[in-house]
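Asks: heads up, no residue letters with this:
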């Protein structure tokens, strides 16, 4: 959900994709959009009117990312709006939103992966890092850096690096088995775990 002001919250209904606004102080609930987008498993809000949806494609069963904007009062007869937007490329496998609503995503192809940074609506996209590896988890470290960590494995050593939106990079950890990490919202601290032998 997304808090709008101090007394209401906006949320997406997973089964339908409809956007609702509910009061935190009463039982009042209002449907804001009637655009049907099924099979949503994650919704990340960048503002009260912009939302990033992760959903499963009905035909391929692959994850897809939809960048949506609530357009209110599209129909005078129902007083409801629509959720408009566009899908990111199908190659976008890991997606993250910063606190200020910047978008970052990992795009994969036959040669490896690219980290792309863009505005919340997908505009002004630019590649800030490329790698021959394809299995990365992506998290924002504040507003100007990203944490890239290899997907954890107890059998293969992993590593993590910090990548700036300016294209700079710095290794944070390497050779750690089962490495998994979570960054603090301000990007100043990283909590990590590793597998240890028994």
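Replies: Okay, I see it. Source: prediction; values computed, not measured. Numbers count the residues shown, from 1 in each chain.
Asks: Contacts made by the biggest strand by length in the chain with the rest, please.
Replies: Longest strand in the chain, counting residues (DSSP state E): strand 63-75. Identification of contacts with strand 63-75 by CB atoms under 8 Å, 6 or more residues apart in numbering yields 19, 32-33, 37, 48-57, 79-88, 90, 92-93, 95, 103, 105, 120-122. For every residue, glycine as well, the C-beta is placed using N, CA and C.
Asks: Listing partners with orientation, what would you give for that strand?
Replies: Here strand 63-75 is paired, per DSSP bridges, with strand 50-56 (antiparallel), strand 80-87 (antiparallel).
Asks: Show the average pLDDT along the first one.
Replies: Here strand 50-56 scores 90 as its mean pLDDT.
Asks: looking at this structure, which helix or strand is least sure?
Replies: Least confident helix or strand, the chain: strand 2-4 with a mean of 50, by mean pLDDT, DSSP states H and E.
Asks: and residue 16, what element?
Replies: Counting by DSSP states H and E, no helix or strand carries residue 16.
Asks: what sits against it?
Replies: Residue 16 makes contact with 36-38, according to CB under 8 Å, 6+ apart.
Asks: any chance of those residues in JSON lines, with distance to residue 139 too?
Replies: Output for the contacts of residue 16, formatted as JSON lines (distance: CB to CB, whole Å):
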{"residue": "36", "distance to residue 139": "31"}
{"residue": "37", "distance to residue 139": "25"}
{"residue": "38", "distance to residue 139": "28"}
